[in-house]
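*Asks:* Generate coordinates for the sequence data below:
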Amino acid sequence: MKVLSTLNKNKCKLYGVGEMSPQLSLQLFCKHAFKKNAPPREYKVISKEIVSTTGGLPLTLKVVGSLLFREEIYIWKDKLAHLREMPEKEVVLRLRISYDALGYEAKQIFLDIVCFFIGMEKELPSYMWDDYKYHPASNINILIQRSMIKMGDDNEFQVHDQLRDMGREIVREENIEEPWMRSRVWQKHEGLNTLLDKKGSKKVKALRAYFSEMQAGYFEPEHFSDLSELRYFQSKNMNFKGDFTNLLPNLRWLRLKSEFIYDEYILKGDLRNLVILDLRSSVYFNCAFSEIKVSNKLKVLDLSGCYSISTLPKFPRTGSLEILNLSGCVMWESDSYPKLDISNLWNVKLLNLNEANLESIKGGTIGMMMKRLQKLDLTSLKCKNLQEVLVDIRELSSLKILRTIGASCKLWESEEEEEEEEEEIKEDVVELGKLPGSLELLATSSRVFNLSELLELEELTVTNCDFGLEIPTTEKSWWKVSRLKSLVLEETKIVIASKTNASIPESSLWLVCLPSSLTSIHIRHCPKMEWLPTLENLENLVELSIEYCPKMQEIRGLEGLKSLRSLNINDGYNMVCVHGFENLLHFNNLQTLEIQSCPHLAEALRDGDNDDNNHCRTTIHSLRTLKIWSCNSTLLQGGNRMPLLSMFSRLTTLELVSIKHYEDDEEDAINNVEQVTKKVEYTHFFTLNTLRMSHTNTHINVWCACRRRGSRNCGWKGSPTWKSWKEFYCLTCLQ
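*Replies:* Okay, here's the model as predicted:
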């Protein structure tokens, strides 16, 4: 499928998508009703009859088919009779058949999703539903099986527009004229008016109310007096005052966000059943948590982005808390920083302290007190005793995600103090010991001692690590059994793990292997990195990017990268040898090639000195993007030594920028650009849509962005006289 875009609306024509053919309709229906393309013999006739009632609409076919999955034939006959009774155009009524067949709990979950939780990960709402005994795990699965909802890549709820509208219409029909008499008030203005007019009722179970960013309002207990059954409340830019005691006894989820200063009055109310407290991004929220009774049922506490809180709450002794997010709780203007007590956090699965500022962590070590921890984010955390509380991190046998980049034992300082004590700060970077083998993602500035034992690891990022990443020797089979897919290195280097301090012979460096499971390698800003292990065994590698590694002179093993699609080498002036580059080109998988400030590699792309060599060249059909920047080479020199443009017949993007020869004068440079454009003109680049060329000595710039150079609307009409033009733009692009 190709997607074309235009700014000219007159060029567009609306295309009406018609009904599916009976044959395709039956096939789609059967995929959901029988999990196969055709119905069993005994269901063939009734399947065709049901399909005929759906009007050939894909969504209806999916929903009705999913509803009848594994049902007896008498159920099918009953649903067929129901469908025939409906008017032909009433699509919503057909969809509602599936809703009506749901149990009470599944209906409540579905209506909550379509009114409030589309696009939200399922984990948070599930805490509320679980407390109401709605059995979210099984009922969400039922909704997915019935094709009423689906889950996105990030495990978030997704709902088709027609099903969303159907669900909201079901709620609206509860009372068309009076929103405050409905079970859910999701429209922001309707929720706000319900509170302002004090028209709440016991029927309201979930409510959303927003003031605009330029407004703020105060709400007192009487605004909530009739909302005793409210279980979900979401507000923005609202302040509260008065005594909220004995109000909102059934509230399970409280979401408050404000751009303005507000106090904690509502938090002093009756929150004994509260399961989720979400105050994220309430920048000026000032709350004395010591005066607030935190619910013993609290599962989630999110204070991320609350810069002004001065104390942390006392967590329930029941150990109910499972998610704690203190990300960005820096308390910039505070003279003293809070202490985090983890003695009651033994059930926590996710702890986020990203960019937080803590005086200390007390109550024990993390490895001892938080055995169930699965995700731990300590990125840029400042905490005086952080090194001590991480001493037994290896004991976290359930830990899957660990981020510690920039974690330090030094508290935040002013910019002036940070500049003066930069070296001292670096010494305060937290070092980890041996890590748990359960890790799947690791991002750290620490030395990784036991990489060969982290066999579940899929993503590894090492940044600002002076020790470097220690790679096990080939004597261990780690590189064969590791599951590592993504490797990112910044401001570090690769070293060979050794039990002794003896130096490794240079000949042994090339015997070290990276995991053959790798699909992506990104190495950026590593001025101390002098070598890279051979890449010959990385047959699954798709992306390879090496940027600013000035000491690296050689890359080996490109001939083994059979799956590589993208190669980017930037600032490689000293890179004199890239083994296997020609093999890489001829695998016909490479789609993107970017070379910047790497003249030796750029030279490998030039044509041969005579036509005798050209018979060895084959066309590289796979390459779509070729970018060569800032390479002082003979790439644009006249004569036969031209870029291998004829090899890349299917380019969509070609950029030759700041490529020059030291002996070029302005006249030669212009001639060189003209030679290249003629080469482009007479090479059949029917797919080329972007051409960019420039020469730093003469300030010649050429831009072309057109679908086909010979088209009627294109300004490219053959090679122009470059001597008289400083810039060229495609007329189609300007339109």
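
*Asks:* Nearest residue to residue 353 in space, please, no chain neighbours.
*Replies:* residue 381 (4.6 Å; Cβ to Cβ, 6 or more residues apart in numbering). (C-beta placed from N, C-alpha, C; glycine too.)

*Asks:* what's the answer for residue 566, then?
*Replies:* residue 592 (4.2 Å).

*Asks:* distance between stretch 535-552 and the chain's centre?
*Replies:* 23 Å (Cα atoms, centre = their mean, to the nearest Å).

*Asks:* Okay, now that stretch: how far is its last residue from its first?
*Replies:* 15 Å (Cα to Cα, to the nearest Å).

*Asks:* How about stretch 532-548?
*Replies:* Note: stretch 532-548 ends 13 Å apart using Cα to Cα.

*Asks:* hang on, the earlier thing: can you give me every residue that contacts the residue nearest to residue 566?
*Replies:* When contacts are counted by Cβ atoms under 8 Å, 6 or more residues apart in numbering, residue 592 touches 565-568, 623-625.

*Asks:* Please report phi then psi for the residue nearest in space to the middle of the chain.
*Replies:* Most central in the chain under Cα atoms, centre = their mean is residue 154, positioned 7.9 Å from the mean C-alpha point. Dihedral pair for residue 154: phi -100, psi 20, per degrees, to the nearest 10.

*Asks:* One more: the one 10 residues further on?
*Replies:* Taking degrees, to the nearest 10, you get phi -60, psi -50 for the backbone angles of residue 164.

*Asks:* Quick check: nearest residue in space to it, chain neighbours excluded?
*Replies:* residue 114 (4.7 Å).

*Asks:* List the residues that contact the one you found.
*Replies:* 159, 163-164, 166-168.

*Asks:* so how far is residue 109 from the residue nearest to the centre of the chain?
*Replies:* 19 Å (Cβ to Cβ, to the nearest Å).

*Asks:* where do the strands sit along the stretch 1-150 of the chain?
*Replies:* Using DSSP state E, counting those that start in this stretch, the strands of the stretch 1-150 of the chain run over 150-151.

*Asks:* Run through the neighbouring helices and strands of the helix or strand where residue 368 lies.
*Replies:* Here residue 368, judged by DSSP states H and E, is contained in helix 366-369. Here helix 366-369 touches no other helix or strand, going by 3 or more Cβ pairs under 8 Å, 6 or more residues apart in numbering; DSSP states H and E.

*Asks:* Can you show me the strands along the stretch 251-400 of the chain?
*Replies:* 253-257, 276-278, 300-302, 323-325, 339-341, 350-352, 357-358, 360-362, 375-377, 382-383.

*Asks:* Which positions in the third one come out as buried?
*Replies:* The reference is to strand 300-302. 300-302 (16 or more other Cβ atoms under 10 Å).

*Asks:* now that strand, how far from the chain's geometric center?
*Replies:* With Cα atoms, centre = their mean, you get 22 Å for strand 300-302.

*Asks:* Let's test this: mean pLDDT of that strand, rounded?
*Replies:* Strand 300-302 shows a mean pLDDT of 94.

*Asks:* Show residues contacting it.
*Replies:* Under Cβ under 8 Å, 6+ apart, the answer for strand 300-302 is 124, 127, 275-280, 294, 313, 315, 321-325.

*Asks:* just the longest one next, same as before
*Replies:* By Cβ under 8 Å, 6+ apart, the list of residues contacting strand 253-257 from outside reads 124, 127-128, 231-238, 262, 266, 271, 274-282, 285.

*Asks:* Go through that strand and flag the buried ones.
*Replies:* Within strand 253-257, judged by 16+ other Cβ under 10 Å, the buried ones are 253-257.

*Asks:* Make a markdown table from these and add distance to residue 401 and pLDDT to it.
*Replies:* A markdown table is the format used below for the buried residues of strand 253-257 (distance: Cβ to Cβ, whole Å; pLDDT from 0 to 100):
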| residue | distance to residue 401 | pLDDT |
| --- | --- | --- |
| 253 | 25 | 96 |
| 254 | 27 | 93 |
| 255 | 25 | 93 |
| 256 | 28 | 87 |
| 257 | 26 | 84 |
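
*Asks:* Now distance to residue 520 too, for these, in a markdown table please.
*Replies:* Listed next are the buried residues of strand 253-257 as a markdown table, based on distance: Cβ to Cβ, whole Å:
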| residue | distance to residue 520 |
| --- | --- |
| 253 | 38 |
| 254 | 41 |
| 255 | 37 |
| 256 | 40 |
| 257 | 36 |
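
*Asks:* For PyMOL, what selects the buried ones among the contacts of strand 253-257?
*Replies:* If you want just the buried ones from the contacts of strand 253-257 in PyMOL, going by 16+ other Cβ under 10 Å, the selection is:
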select buried, resi 124+127+128+231+232+233+234+235+236+237+238+262+266+271+274+275+276+277+278+279+280+281+282+285
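
*Asks:* ok, residue 268 - contacts?
*Replies:* Counted by Cβ under 8 Å, 6+ apart, residue 268 has contacts 243-245, 291-292.

*Asks:* Just give me the least confident of those residues.
*Replies:* Within the contacts of residue 268, lowest confidence goes to residue 291 (65).

*Asks:* burial of the residue lying closest to residue 526 once chain neighbours are set aside, as a residue count?
*Replies:* Excluding the flanking residues, the one nearest residue 526 by Cβ to Cβ, 6+ apart is residue 549, at 5.0 Å. Per other Cβ atoms under 10 Å, the neighbour tally for residue 549 reads 26.

*Asks:* Quick check: which element contains residue 549?
*Replies:* Assigned by DSSP H and E, residue 549 falls outside every helix and strand.

*Asks:* For it, give me its contacts.
*Replies:* Residues near residue 549 by Cβ under 8 Å, 6+ apart: 523, 526-527, 529, 571-572.
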